[in-house]
Every structure is written in C-alpha cells, then in structure tokens.
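1. what shape does this take:
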Amino acid sequence: MAAPVINKMFGGVVPGGVLTVTSGTPVQVTANLVLSTGNSSAGNTKTAPYAVTCRQIGISVDAAAGGSVYVNYGNFAGKGNQTALIIQPGTTQALPVNSRCTEGEIDASKWYIDVATGSASVAINFVDASN
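-> Next comes the predicted model:
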C-alpha cells in the first residue's frame with residue numbers, strides 16, 4: 001500500500017532540510033520545500049513551493065561554515081538593515097530570537113540566509129508550520 005500524499009504542513013516540527021549557502025548568494029529558507037498537487041496516477045502532478053507560515057524558524061549552522069550566517073528579511077546579500085539575526089558557525093538560533101514560540105505567525109517565505117565568507121551548510125526547521 002502506497003503512503004498517502006501529504007501536500008500541507010501542519011503542527012509540530014517540520015524539517016526544512018539542509019541548505020548550502022555561498023557568500024553573496026542568499027537562499028530562501030523554504031528553498032527545499034516542494035509540494036505536489038494534482039493526481040500523480042493521472043500524470044498531471046505539478047510542483048510548487050510551499051507557502052509557509054510558522055511560529056518559529058530554527059536555524060543550525062555547521063561548525064565548518066566559512067563565517068557568520070546572516071538571516072535577512074528579504075532577498076538581500078550580506079549584513080545590513082535587513083539582517084535580523086547573525087549566527088556563528090557551530091551554533092543554533094531561532095526566529096523569533098531567544099527561541100520563544102509566540103502566538104504570532106512568521107511568513108517563512110520572506111526570510112533568506114547568506115554567509116559572510118565562503119560557504120555554509122545550514123539546517124532549517126519550522127515549528128507549528130502551516131500552509
């Protein structure tokens with residue numbers, strides 16, 4: 001028996017996968033999330049990026065990262081007025097800052113990751129996510 005197709009995220013912690021980020025090339029935190037729509041048995045399956053809202057975005061930076069990782073609101077490279085969070089290699093942080101879940105929602109599609117120098121592997125998780 002085939003597993004059911006899940007095309008909506010709901011509750012709990014939803015893994016966003018690992019992003020490989022190169023300095024000066026921001027990557028959307030939702031880049032790895034793809035949703036299938038349509039009936040795959042009829043051959044008309046389409047894919048589209050998730051539209052994700054969540055209460056928290058967890059971000060873990062690999063210790064071998066080339067530098068600090070910037071969490072930016074919008075598709076902007078580097079550190080600037082749009083930078084909400086700076087994460088050092090080998091550490092984990094969350095939006096909102098201080099790892100507090102709130103009743104508000106974050107539009108995860110608005111957030112991007114960039115690295116100061118070189119490249120970095122960054123693991124993403126979404127808490128209480130929906131789309």
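2. OK, contacts around the residue positioned nearest the centre of the chain?
-> The C-alpha lying nearest the average C-alpha coordinate of the chain belongs to residue 29 (CA atoms, centre = their mean; 2.6 Å). For residue 29, the contact set (CB atoms under 8 Å, 6 or more residues apart in numbering) comprises 16, 19, 57, 59, 71, 108, 111-113, 124. Where C-beta positions appear, they are placed from N, C-alpha and C, glycine not excepted.
3. now with 7 Å, please.
-> By CB atoms under 7 Å, 6 or more residues apart in numbering, the contact set of residue 29 is 16, 57, 108, 111-113, 124.
4. which residues of this protein score low on pLDDT?
-> Applying pLDDT under 70 to the chain flags the ranges 1-11, 34-51, 98-104, 131.
5. rerun that using 90 as the cut-off
-> 1-17, 30-56, 66, 95-109, 126-131 (pLDDT under 90).
6. which one of the contacts of residue 29 sits closest to residue 94?
-> Compare each of those with residue 94 using CB to CB and the shortest gap goes to residue 57, at 6.4 Å.
7. which residues of this protein fall in helices?
-> Using DSSP state H, no helices are assigned anywhere in the chain.
8. the strands in it, which residues?
-> Remark: strands assigned in the chain by DSSP state E are 13-22, 27-28, 34-37, 46-49, 53-54, 56-61, 69-73, 83-87, 92-95, 106-107, 111-115, 119-127.
9. export those to CSV and tack on mean neighbour count?
-> Below are the strands of the chain laid out as CSV (neighbours: other CB atoms under 10 Å):
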stretch, mean neighbour count
strand 13-22, 16
strand 27-28, 18
strand 34-37, 13
strand 46-49, 11
strand 53-54, 21
strand 56-61, 20
strand 69-73, 22
strand 83-87, 16
strand 92-95, 18
strand 106-107, 16
strand 111-115, 25
strand 119-127, 20
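10. which residues does the residue nearest to residue 123 when sequence neighbours are not counted contact?
-> Nearest residue to residue 123 in three dimensions, chain neighbours excluded: residue 60, at 4.3 Å (CB to CB, 6 or more residues apart in numbering). Shown here is residue 60, whose contacts under the criterion CB under 7 Å, 6+ apart are 92, 122-123.
11. sweet, I'm off.
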